[in-house]
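# Predicted model and sequence follow; I will ask about them next.
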Amino acid sequence: MRRRSRGFTLLEVLFSLVLMGVLLTLVASTVLLGQRALAQADHYAQRLDEVRAAQDFLRQALQQTLPLQYGDDGLDDVFEGRSQRLRFAARLPAGLGGGIEWHTVEWLDTPSGPALRVRFESRPGQSWGDPQWLLRGVRAVQMSYRGTDSTGRQTDWLTQWPWPRRLPRQVRIAAEVVGPVAWTPQTIALRLELSSPAGAP
């Protein structure tokens, strides 16, 4: 007499279905976590590039600051330095066309959020191109300056440069930015040393 083949019981089928559901849930969760980690890595890399680009631009521009007078109408200021705004003359990078332009870097609280902006002028009141956003999502900015005073002594860090007719020796830019990438405070030395008190108060 032959034995009749024995099939799966209902309990075994249900157990297999439950086990398959658990495995599919684990796989789906792993894929979802991987996608989130990839998106976070992309966001971090993009933000890192934005912060580095802004810092590189500021460092290169300030290192090439020139002691040019702002205007031909008797206004002989060559540098304006405040806590959230600075203005100086420097050569534009070759990628932006080169040439010497006045740079105004300022922190603005715009409707779309606080940001760092730069605008260029060929001469006072004559804009060169449109203002450009250096970095968005900047909660706060603190610019400070160090050089020599009217007696030739080294100053401490000042939140406002009080001698606009000559250049400071160093500019420090600290900022608090939104996102996973922190802004490392920059201390930028001006390559052109013209901070001696001779000829300017």
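Now that the structure is in, tell me what you want to look at.
# helix or strand right after the helix-or-strand element of the chain with minimal mean pLDDT?
Lowest by mean pLDDT, DSSP states H and E among the helices and strands of the chain is strand 126-127, with a mean of 83. Using DSSP states H and E, the helix or strand that directly follows strand 126-127 along the chain is strand 132-136.
# Parallel or antiparallel, which strands does that next one pair with?
Applying DSSP bridges to the sheet, strand 132-136 is found paired with strand 113-123 (antiparallel).
# who touches the partner strand?
54, 57, 71-72, 92, 99, 101-108, 127-141, 175, 178 (CB atoms under 8 Å, 6 or more residues apart in numbering). Where C-beta positions appear, they are placed from N, C-alpha and C, glycine not excepted.
# Just the buried ones among those, please.
54, 57, 92, 101-107, 128, 134-138, 141, 175 (16 or more other CB atoms under 10 Å).
# Please narrow these to those residing in helices.
By the criterion of DSSP state H, membership of these in helices covers 54, 57.
# Which residue ranges of this protein form strands?
Counting by DSSP state E, the chain has strands at residues 79-81, 85-91, 100-110, 113-123, 126-127, 132-136, 138-146, 170-177, 186-189.
# Which elements pack onto the shortest one?
Contacts of strand 126-127 with other secondary structure elements, assessed using 3 or more CB pairs under 8 Å, 6 or more residues apart in numbering; DSSP states H and E, are made with strand 113-123.
# What residues of the strand it packs on count as buried?
For strand 113-123, the neighbour count (16+ other CB under 10 Å) marks 114, 115, 116, 117, 118, 119, 120, 121 as buried.
# What of stretch 159-176?
Those would be 161, 163, 164, 166, 167, 168, 169, 170, 171, 173, 175, for stretch 159-176 by 16+ other CB under 10 Å.
# mind checking the end-to-end distance for that stretch?
End-to-end distance for stretch 159-176: 17 Å, by CA to CA, to the nearest Å.
# average model confidence for it?
For stretch 159-176, mean pLDDT is 95.
# likewise stretch 185-193?
Average pLDDT, stretch 185-193: 85.
# In CSV, could you pull the C-alpha coordinates for that stretch?
C-alpha atoms of stretch 185-193 as CSV (Å, rounded to 0.1, in the frame of the first residue of the first chain):
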residue,chain,number,x,y,z
PRO,A,185,36.2,81.5,12.1
GLN,A,186,38.6,83.0,9.6
THR,A,187,41.5,85.2,10.3
ILE,A,188,42.7,86.7,7.0
ALA,A,189,45.9,88.7,6.7
LEU,A,190,45.9,91.5,4.1
ARG,A,191,49.0,91.0,2.0
LEU,A,192,49.5,94.6,1.3
GLU,A,193,50.9,96.2,4.5
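# residues making contact with it?
55, 58-59, 62-67, 167-175.
# Same list (the buried residues of strand 113-123) but as CSV, adding distance to residue 40 and pLDDT.
Shown next, in CSV, are the buried residues of strand 113-123 (distance: CB to CB, whole Å; pLDDT from 0 to 100):
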residue, distance to residue 40, pLDDT
114, 23, 95
115, 23, 95
116, 24, 96
117, 28, 96
118, 29, 95
119, 34, 94
120, 36, 93
121, 40, 91
